[in-house]
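J.: fold the following and give me the result.
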Amino acid sequence: MVAAVRIFGSVSTGLLVIVLGRLLGPAQYGLYSLALATAVAAVSIADQGIPAATKRFIAETYPDTARMRGTFLRGLAAKTRVVAVVAVIVFVLAGPLADALSAPSAATLMRIGAVTVLAQDIYAFLAASFIAVRRTIGSATIAITKATVEFVTAVVLVLAGAGAAGGMIGNATGYLIADTAGIVLLVRVIFVGGDADRNARPASRKEIRAYGRQVWVAEVIFAGFGFVDQFFLQGFLGATAVGIYAVAWRMIVPLQHFGIAFSLTLNSRLSTLTTGERSITFERGVRGLVAFYAGGGVLCLVIAQPAMRTLFGANFSESGTVFAALAPLVVMTGVGPMLADTLNVLGRARDRKWVTAATITVNIVGDLLLIPLFGVVGPALASDAAYVVFVFGHFVLCRRVVAYDPARVVRSALLGVVAGLGGAALILLVLAAPLHPELVRVGAAAVIGLAGMLAGLVVLREWDRGLLAILRQ
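T.: Predicted coordinates:
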């Protein structure tokens with residue numbers, strides 16, 4: 001279920017990037033991306049680690065409905081207060097911030113983004129709560145609702161002449177409608193039935209905030225990774241460069257969904273397993289993800305130029321080079337969420353702060369050094385280097401709480417590259433074939449290359465019945 005929803009999310013996200021990129025062009029899409037980046041920055045500040053903390057405490061009290069209900073309400077109260085203040089601040093400061101970025105026309109978009117801040121933060125809280133109460137159908141429903149409503153609303157408004165504002169309104173509307181659906185569904189799960197145990201109590205606001213801060217210190221630092229590149233590009237090269245970079249970056253996001261879905265499935269059970277079972281499950285999951293994304297990175301490197309040229313047109317010709325430069329990031333971002341969530345679930349979120357601080361430091365220094373040298377490709381190279389630090393550091397931290405064999409993980413990565421090379425060879429063969437139109441040729445190359453890579457993983461026994469059993473959860 002989770003994997004199916006993530007696939008839907010990947011497709012809808014990718015389609016929205018393509019449609020808006022073509023309709024808006026690099027400059028307008030750059031302003032739209034700046035506004036979204038501002039909203040992401042604000043959400044990371046408002047987060048306070050409350051969704052992750054609430055998820056942990058609800059999961060620990062499952063299936064005690066009364067205690068889950070109390071924890072949810074206390075977490076929601078704490079969350080609503082913080083995000084409301086942050087949203088108002090974003091609305092008030094939108095004008096000065098846009099001027100500081102030399103993009104005054106982005107001010108209105110940022111004000112619309114203030115609504116997104118409120119709605120997106122509540123969405124994250126609801127999604128975490130659904131996972132905690134083991135109702136994947138709920139998280140699936142709000143994810144599909146958000147993606148569908150955003151796509152339809154944004155495309156209709158942009159076609160009607162609303163420009164980048166249409167994209168922002170679509171984003172905010174998607175989250176608002178999904179929030180409404182999520183609250184209705186959660187009421188049915190944790191507000192119906194469940195006798196209270198007088199000797200048990202839900203987590204207090206103090207407990208939620210205390211653990212939330214441990215998670216948040218790491219997450220808020222790392223959140224800068226999602227928007228700092230675009231702010232620096234705006235400062236050095238302007239909105240058009242932001243747009244060229246942003247479409248490549250956003251096409252990476254759908255590729256992360258499988259890793260996130262896998263992480264949610266696996267980590268929801270880790271805290272309930274014995275030490276031995278936990279080690280076996282973690283190592284098998286990590287090896288499968290590493291192999292998959294190592295091969296996927298090879299495929300992205302090969303198909304980057306023809307795919308971006310075909311999907312976005314001549315105005316985004318440089319985006320292909322950016323996407324190819326981000327191929328190492330595809331590998332790292334596929335595995336990173338699982339490592340981070342493992343530490344969060346096992347109560348070791350505090351350990352992550354120094355790794356995330358090092359990650360964003362490498363990214364910022366890299367941007368400052370590489371943008372003047374390599375232009376729009378510079379931030380891609382900086383992001384690659386930063387995420388290597390993130391993933392390597394989290395592997396080290398995970399080994400402190402979960403026993404696994406690093407040599408076997410490295411072996412899986414190498415075998416994944418071998419499978420990816422097989423898939424890449426198929427891509428090159430299809431791209432050389434006289435298939436028309438070009439969209440059909442590139443699409444066929446991508447599908448056949450992915451199928452070849454997956455077949456290689458099966459033949460090399462990196463994907464077996466044990467891993468598939470986890471995927472079916």
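
J.: need the longest helix for this structure.
T.: Among the segments of the chain that qualify as a helix by DSSP state H, the longest is helix 2-47.

J.: for that helix, the distance to its chain's centre please.
T.: In terms of CA atoms, centre = their mean, to the nearest Å, the centre of helix 2-47 is found 11 Å from the chain centre.

J.: got the contact list for the closest residue to residue 262 other than its chain neighbours?
T.: With CB to CB, 6 or more residues apart in numbering as the criterion, residue 262 has its nearest non-adjacent residue at 6.0 Å, and that residue is residue 289. Backbone N, C-alpha and C define where each C-beta goes, glycine included. If you count contacts by CB atoms under 8 Å, 6 or more residues apart in numbering, residue 289 has them with 259, 262, 334, 335, 338.

J.: hmm, residue 24 is touching residue 32, no?
T.: Yes: the pair residue 24 / residue 32 is scored as a contact, 6.4 Å apart, by CB atoms under 8 Å.

J.: tell me the helices and strands packed up against the longest helix of the chain.
T.: helix 65-100, helix 107-132, helix 136-157, helix 164-190, helix 205-223, helix 228-236, helix 239-270, helix 275-312 (3 or more CB pairs under 8 Å, 6 or more residues apart in numbering; DSSP states H and E).

J.: narrow the contacts of residue 289 to those that are buried.
T.: Using 16 or more other CB atoms under 10 Å as the burial test, these include 259, 262, 334, 335, 338 as buried.

J.: could those residues be laid out in a markdown table, adding distance to residue 145?
T.: What follows is the buried ones among the contacts of residue 289, written out as a markdown table (distance: CB to CB, whole Å):
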| residue | distance to residue 145 |
| --- | --- |
| 259 | 23 |
| 262 | 22 |
| 334 | 26 |
| 335 | 29 |
| 338 | 26 |
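
J.: quick check, nearest of the residues you listed to residue 378?
T.: Nearest to residue 378 among these is residue 334, at 23.0 Å by CB to CB.

J.: got the confidence number for that closest one?
T.: pLDDT for residue 334: 85.

J.: what sits against it?
T.: Counted by CB under 8 Å, 6+ apart, residue 334 has contacts 255, 256, 258, 259, 289, 292, 293, 296.

J.: distance check, the fifth one against residue 240.
T.: It stands for residue 289. 36 Å (CB to CB, to the nearest Å).

J.: now swap in residue 258 and tell me
T.: 32 Å.

J.: how is this structure carved up into domains?
T.: 1-217, 227-473 (automatic domain parsing).

J.: confidence-wise, which of those is weakest overall?
T.: domain 1-217 has the lowest average pLDDT among those, namely a mean of 81.

J.: and it, how far out from the chain middle?
T.: Taking CA atoms, centre = their mean, one finds the center of domain 1-217 at 12 Å from the center of the full chain.

J.: ok, stretch 357-374 next?
T.: Remark: stretch 357-374 is offset 21 Å from the chain centroid, using CA atoms, centre = their mean.

J.: buried stuff in it?
T.: In stretch 357-374, residues buried by neighbour count (16+ other CB under 10 Å) are 359, 360, 362, 363, 364, 366, 367, 370, 371.

J.: go ahead and confirm the last one touches residue 237.
T.: Yes: with contact defined as CB under 8 Å, residue 371 reaches residue 237; the gap is 7.1 Å.

J.: hmm, back to that, between residue 24 and residue 32, who's got more neighbours?
T.: A direct count of neighbours by other CB atoms under 10 Å for residue 24 and residue 32 places residue 32 higher, at 29 against 21.

J.: sorry, back to before: any shared contact partners between residue 24 and residue 32?
T.: 164, 167, 243.

J.: from residue 333, how far off is the closest residue to residue 318 other than its chain neighbours?
T.: Of all residues not flanking residue 318 in the chain, residue 244 sits nearest, at 5.0 Å (CB to CB, 6+ apart). To residue 333, residue 244 is 20 Å away according to CB to CB.

J.: just residue 124 next, same as before
T.: According to CB to CB, residue 124 and residue 333 sit 18 Å apart.

J.: so between these two, which is more surrounded?
T.: Per other CB under 10 Å, whichever of residue 124 and residue 333 has more neighbours is residue 333, with 22 against 19.

J.: secondary structure element for the more buried one, which one?
T.: helix 327-345 (DSSP states H and E).

J.: around residue 277, how many other residues sit close by?
T.: Neighbourhood size, residue 277 [other CB under 10 Å]: 12.

J.: next up, identify which helix or strand residue 321 is on.
T.: Counting by DSSP H and E, residue 321 is part of helix 317-325.

J.: quick one: residue 159 and residue 315, what's the gap?
T.: Taking CB to CB, one finds residue 159 at 18 Å from residue 315.

J.: between those two, which one's more packed in?
T.: residue 315 (17 against 11).

J.: backbone phi and psi for that one, please?
T.: Dihedral pair for residue 315: phi -60, psi -20, per degrees, to the nearest 10.

J.: go ahead and confirm it touches residue 24.
T.: No: counting by CB under 8 Å, residue 315 does not reach residue 24; the two are 10.0 Å apart.

J.: within the helices and strands, which one has the closest residue to residue 456 other than its chain neighbours?
T.: Of all residues not flanking residue 456 in the chain, residue 419 sits nearest, at 3.0 Å (CB to CB, 6+ apart). Taking DSSP H and E as the definition, one finds residue 419 inside helix 406-431.

J.: other SSEs contacting that helix?
T.: Using 3+ CB pairs under 8 Å, 6+ apart, helix 406-431 is in contact with helix 275-312, helix 378-401, helix 438-459.

J.: ok and the longest one relative to helix 438-459, angle-wise?
T.: In this case it means helix 275-312. 160 degrees (axes from the mean of the first three to the mean of the last three CA atoms, to 10 degrees).

J.: how about helix 275-312: buried residues?
T.: 278-312.

J.: hang on, the earlier thing: need the helices and strands packed on helix 2-47 in a markdown table (columns: distance to residue 343).
T.: Converted to a markdown table, the helices and strands packed on helix 2-47 look like this (distance: least, CB to CB, whole Å):
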| stretch | distance to residue 343 |
| --- | --- |
| helix 65-100 | 20 |
| helix 107-132 | 16 |
| helix 136-157 | 21 |
| helix 164-190 | 26 |
| helix 205-223 | 8 |
| helix 228-236 | 23 |
| helix 239-270 | 10 |
| helix 275-312 | 11 |
